[in-house]
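Asks: Sequence first, predicted model second:
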Amino acid sequence: MQRITVTQYQYVNNRAYCEISLVNKHSVRATILNYGATLEKFSLPGSAQNRSVILSLKNPTDYSKGRNYLGGTVGRIIGRMRAGKWNDGTTMHQFELNDGPNHAHGGPKGFDTRVFSFRVHSNDHSASVVLDLVDAAGTAGYPGNLHLTVIYTLDDQDTLTYQLHATTDAKTLCNPANHTYFNLDGTGDILNQELTIAASNYLPLNENSIPDQGLRSVANTAFDLRSGKPLCQAISSTNPDIQRQHGLNHPFILDGDPIAATLTSSDKQQRLTLKTTAPAIVVYTGNHFHHAGLTANLGQYAGVALETQFPPTSDSTLNAITLLPGETFTAQTSWHLDY
């Protein structure tokens, strides 16, 4: 069987923009763009037009027209950096501010806005695309040339695995992650889809979406997703932290269970099982979508992002996400579909 199809959909500034489709023996399909190392579609077989369980733009050419984060690989660091400052011993690095008073999602030229080179590989059990990018020193203020490799692999067990590898030639920061929004119903919102997260603690946020209040237990709060609950129960909570964000936008500190999270469709017919090597998941319920611009097809709560990463912090030393020459940053997340 043909497991990989590559289609060039545009050619700009001497760079080919391509869709890479991986398909398994059950006709589950993952479509990746080399623009932003983006997961464009993740489709189930046997449904109308092979229904995708993630949010997508109408056309692949739309992704480079404006920043949207749908399925992109976000970095050098995902999330917000307080005041865009990194206190590296006696040196204070200042990064570009692109989110009010903060630096966010790698700055205005983050990984999700870049064209990656790529190669493909398949065998009798799986298909992969390996995407590469060299991020030059000084981009958005980051020191060091960073070499990032992103690997998507779809196997015959209906699991899509996402791997990250990064090295640097100078001390820098590195905390990239995938920013796919899931909607297992395929249409509508995610309010009646059930989310379970194996996390006993979360990080509340201040008015600038920075977690500066320390670790809090989820027990007896709307953030307790350990036994699973429809997302509407959390989003409609009177918890002021949720109301301020208009939904969930919070880091959950994982307990280390083999299964970090599950998402179940409203009709209980589809289930996504997430495993990860990351210590935290930031859950974002698409609070900002409002049927405008390139995402005109998406309304509030159209999807939920499960961003596996090192959690954001108000500590300007950022020790947990510092990468040194000679070290390799590695991370892996897998999404398994039952349908």
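Replies: Nice, thanks for sending it over. Bear in mind that the values here come from a model prediction, so they are computed numbers and not experimental data. Numbers count the residues shown, from 1 in each chain.
Asks: got a list of what residue 259 touches?
Replies: With contacts defined as CB atoms under 8 Å, 6 or more residues apart in numbering, the neighbours of residue 259 are 198, 273, 274, 275. From N, CA and C alone the C-beta is placed, and that goes for glycine too.
Asks: Next: residue 42.
Replies: With CB under 8 Å, 6+ apart, residue 42 has these contacts: 28, 29, 30, 31, 52, 53, 54, 160, 180, 335, 337.
Asks: is it true that residue 37 touches residue 132?
Replies: No - using CB atoms under 8 Å, residue 37 is not in contact with residue 132, being 9.2 Å away.
Asks: intersection of neighbour lists for those two?
Replies: Common neighbours of residue 37 and residue 132 (criterion: CB under 8 Å, 6+ apart): 116, 150.
Asks: what about the helices in the stretch 101-250 of the chain?
Replies: Ranges of helices within the stretch 101-250 of the chain are 231-235, 240-245, based on DSSP state H, counting those that start in this stretch.
Asks: Output the contacting helices and strands for the first one.
Replies: Using 3 or more CB pairs under 8 Å, 6 or more residues apart in numbering; DSSP states H and E as the contact criterion, the neighbours of helix 231-235 among helices and strands are strand 194-197.
Asks: strands paired with the strand it packs on, and their directions?
Replies: Strand 194-197 has its sheet partners listed here by DSSP bridges as strand 229-230 (antiparallel), strand 261-264 (antiparallel).
Asks: Redo those as JSON lines? Include distance to residue 105 and mean neighbour count.
Replies: Below are the strands paired with strand 194-197 laid out as JSON lines (distance: least, CB to CB, whole Å; neighbours: other CB atoms under 10 Å):
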{"stretch": "strand 229-230", "distance to residue 105": "28", "mean neighbour count": "15"}
{"stretch": "strand 261-264", "distance to residue 105": "21", "mean neighbour count": "22"}
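Asks: Nearest to residue 59, out of those?
Replies: strand 261-264 (26.4 Å; CB to CB).
Asks: now the next helix-or-strand element following the closest one, how far from the centre of its chain.
Replies: Using DSSP states H and E, the next helix or strand after strand 261-264 towards the C-terminus is strand 271-276. Taking CA atoms, centre = their mean, to the nearest Å, one finds strand 271-276 lying 13 Å from the centre of the chain it belongs to.
Asks: tell me what strand 271-276 is packed against?
Replies: Using 3+ CB pairs under 8 Å, 6+ apart, strand 271-276 sits against strand 261-264, strand 304-309, strand 329-338.
Asks: Contacts made by the shortest one with the rest, please.
Replies: Think strand 261-264. So strand 261-264 is in contact with 182, 184, 193-198, 228, 270-274, 281, 304, 306, going by CB under 8 Å, 6+ apart.
Asks: Same question for the last one.
Replies: Outside strand 329-338, the residues within contact range by CB under 8 Å, 6+ apart are 28, 42, 44, 53, 157-167, 174, 176-178, 270-278, 308-309, 323.
Asks: how much space between residue 223 and residue 254?
Replies: Noted for residue 223: a distance of 13 Å to residue 254, by CB to CB, to the nearest Å.
Asks: of the two, who's got more company?
Replies: residue 223 (25 against 20; other CB atoms under 10 Å).
Asks: So for that one, what's the pLDDT?
Replies: Looking at residue 223, its pLDDT is 98.
Asks: wait, what's in contact with it?
Replies: Contacts for residue 223 (CB under 8 Å, 6+ apart) come out as 202, 216, 234, 239, 250, 252.
Asks: Quick one: buried ones out of the residues you listed?
Replies: Neighbour-count burial (16 or more other CB atoms under 10 Å) applied to the contacts of residue 223 gives 202, 216, 234, 250, 252.
Asks: Could you double-check that the first one lies in contact with residue 253?
Replies: Yes - shown here, residue 202 and residue 253 form a contact pair, counting by CB under 8 Å, at 6.7 Å.
Asks: overlap in contacts of these two?
Replies: residue 215.
Asks: buried ones in stretch 15-27?
Replies: 17, 18, 19, 20, 21, 22, 23, 24.
Asks: can you pull the contacts of residue 295?
Replies: 57, 68, 70, 289.
Asks: so how far is residue 2 from the residue in the chain sticking out farthest from the centre?
Replies: The outermost residue of the chain, judged against the average C-alpha position, is residue 90 (32.6 Å), by CA atoms, centre = their mean. Here the criterion is CB to CB. By it, residue 90 lies 57 Å from residue 2.
Asks: Next: residue 221.
Replies: 49 Å.
Asks: so where's this structure uncertain?
Replies: Along the chain, segments meeting pLDDT under 70 span 47-50.
Asks: Appreciated, that's everything.
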